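> Give me the fold of what follows.
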Amino acid sequence: MRTLCLMLLVALAGCDDAGDAGDAGEITLDFGRADAAPDGGVDAGRADAARADAAPPDAAADADTPDADAPDEGAPDAASPDMGPPPPPDHPLDALPEVPFAGPYGTRTLAVHAGTNWAATGLYLRAGQSASITAEGRWQVGRSFVGPAGNPALGQERGCDKGGLVARVGLRFEDAITCIGAAGEIVAPRDGAVYVGMIASTDLGEAYGDRLQLDGYLDVTVTSDGATAPLVRVRDLDVGALAAIESGVVELVGDHVIVATTVAEVERDAETVVAALGTLDAIWETEEALRGQGPFRGQRVRFVEDETIVEFAYMLAGNPIRCAPDLLHGGPDQRILRAGEPRTDIWGFAHELGHVFSFANGTWVFQYNNVEVFPNIFTINVLQTLGREAFQPNIETYCDGRAAWMADGDYPTFKADPFLQLCFLMDFTAAYGWEFWQAFYGIIDETPNEQIPVGGNPEHANTWGFLRDAFSQAAGEDVTPIFEAWRVPLP
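Below you'll find the model as predicted:
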């Protein structure tokens, strides 16, 4: 399967050296520590509680703290054995509005967290239709607060002041946005679902953790006579009932992922859709177990179709994960709604999730030599853990270049070949087990980007030297001999 080379996009973003490590998203924040970002604790539908959570830290400290042992009013009763385990609670950063399948959208208010990677409004507009949007409250950017209009001192992105409320139709990569601020209108340039959120950086920058330092909520009110784009929980899915959705689009909500698709595709894959979302959730859970934390502060990861990426990628990591149309509409061994079937290729889904898990705390410079390599540590772990090694591309062949490299390969070949580097990394798995990677990512969680060196002589030796030292710490012994056996340059 073709997968995105994110290093190409880093280069396009102007990230040429360590000093540019934060340039993928240009909002001026500390680029990398999830543990420094205050966590919300609010259901996205509770606007009043959301405002309280967005209060300044001192005010929040003085507020009454609910009893941790008190039952959640919205918590479901314990599931019976026949029903299976109850679903996990919704994440505070998830926006999951409830809208009807038919009829005009009307007016709805939702609490939008600054850290949410594009909040679904549940609204669907045809080209030329419009929606009016108002907002109140304030967001937090680092130690500063911004209202819905944003702050021009933070710079602009796609014509809007950073930190401000914007809206967009669909989630195409780096597509146009509409500046909303405290009040505005969006007119749909084409058919699509409407999303809102803070404009913090480029879409690429969001993949690298540009929202990790953002906090606070706005109350956003959307009014339109357009149709709806319902979000339907897979646990409650009645495929037959989806025919009533007038827009023909639906977002399927799993425990950890969302798939934005069409009613027609759900109907075509009616027999496999529930298992498919279950498989995607299982991939997420397996990667979380290896990484020790979820990406995007734990909010659900959305998969969407984006035909504009096909000139340079098959899939594009981030939130959303953007997919070529074939992954929604292609053959039976490609489609995401058949991910649970043994012959369906899930390498790409695991790989793209591997990217965002690998960047989960915003630290990514350790992958400067080739960012396509570390995600496949997660991919192989997923395939082994879920028993899905059969029918998957690359699983039997990723080490085919090992003998030639060991004989007389040169470094440019090693650097350019993600599978050859994967073969190198898997030697550490063979020697120390999967626990090695859990320990390594524990080290990464304590290491901001600016502490990771790049460059060196030979080329990239400094970054490889950092990895040698971190690997040695994770292994509990000096791993220099493995680096030397592979002739990996060291300082």
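> Touching stretch 133-152 from outside, list them.
Stretch 133-152 is touched from outside by 27, 29-30, 38, 50-51, 54, 56, 112, 114, 154, 160-165, 167, 180-186, 196, 198-200, 213-223, with contacts defined as C-beta atoms under 8 Å, 6 or more residues apart in numbering. C-beta coordinates here come from the backbone N, C-alpha and C atoms, glycine included.
> Report the buried members of those.
When the contacts of stretch 133-152 are checked for burial by 16 or more other C-beta atoms under 10 Å, the buried set is 27, 29, 50-51, 54, 112, 114, 154, 160-165, 167, 180-181, 184, 186, 196, 198-200, 213-223.
> What sits closest to Y195 if chain neighbours are left out?
The shortest distance from Y195 to any residue other than its chain neighbours is 4.2 Å, reached at W118 (C-beta to C-beta, 6 or more residues apart in numbering).
> and the one you found, how many neighbours does it have?
22 (other C-beta atoms under 10 Å).
> got a list of what it touches?
Listed by C-beta under 8 Å, 6+ apart, the contact set of W118 reads 168, 171, 195-197, 302, 319-320.
> can you check I444 too?
Neighbouring residues of I444 by C-beta under 8 Å, 6+ apart: 361, 363, 366, 470.
> Same list (those) but as a markdown table, adding distance to G340 and secondary structure.
What follows is the contacts of I444, written out as a markdown table (distance: C-beta to C-beta, whole Å; DSSP: H, G, I helix; E, B strand; the rest coil):
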| residue | distance to G340 | secondary structure |
| --- | --- | --- |
| N361 | 30 | coil |
| T363 | 33 | coil |
| F366 | 33 | helix |
| A470 | 36 | helix |
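> Assumed A131 was part of a strand.
Yes: with DSSP: H, G, I helix; E, B strand; the rest coil as the criterion, A131 is assigned to a strand.
> can I assume it is in contact with G122?
No: with contacts defined as C-beta atoms under 8 Å, A131 does not count as touching G122, sitting 11.2 Å away.
> Give the residues shared as contacts by the two.
Shared contacts of A131 and G122 (C-beta under 8 Å, 6+ apart): Y105.
> Surely R108 is within a strand?
Yes: using three-state DSSP, the assignment for R108 is a strand.
> partners of it in the sheet?
Legend: beta-bridge partners of R108 under DSSP bridges are V222.
> ok, now which ones touch it?
Applying C-beta under 8 Å, 6+ apart to R108 gives the contacts 97, 99, 121-123, 221-222.
> nearest to E459, of these?
Checking these against E459 with C-beta to C-beta, the nearest one is T121 at 47.7 Å.
> Could you grab the helix/strand/coil label for the closest one?
Under the three-state scheme (three-state DSSP), the conformation of T121 reads as strand.
> what residues are up against it?
Applying C-beta under 8 Å, 6+ apart, we find T121 in contact with 95, 97, 108, 110, 131, 193-196, 220, 222, 229.
> I'd like those as a markdown table, with distance to E352 and pLDDT appended.
Putting the contacts of T121 into a markdown table (distance: C-beta to C-beta, whole Å; pLDDT from 0 to 100) gives the following:
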| residue | distance to E352 | pLDDT |
| --- | --- | --- |
| A95 | 22 | 94 |
| P97 | 26 | 96 |
| R108 | 31 | 97 |
| L110 | 27 | 96 |
| A131 | 31 | 98 |
| A193 | 21 | 98 |
| V194 | 24 | 98 |
| Y195 | 19 | 98 |
| V196 | 24 | 98 |
| V220 | 29 | 98 |
| V222 | 30 | 98 |
| A229 | 23 | 98 |
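> Mind putting those into a markdown table with distance to I452?
Formatted as a markdown table, the entries for the contacts of T121 read as follows, by distance: C-beta to C-beta, whole Å:
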| residue | distance to I452 |
| --- | --- |
| A95 | 34 |
| P97 | 40 |
| R108 | 44 |
| L110 | 38 |
| A131 | 44 |
| A193 | 38 |
| V194 | 39 |
| Y195 | 33 |
| V196 | 35 |
| V220 | 38 |
| V222 | 42 |
| A229 | 41 |
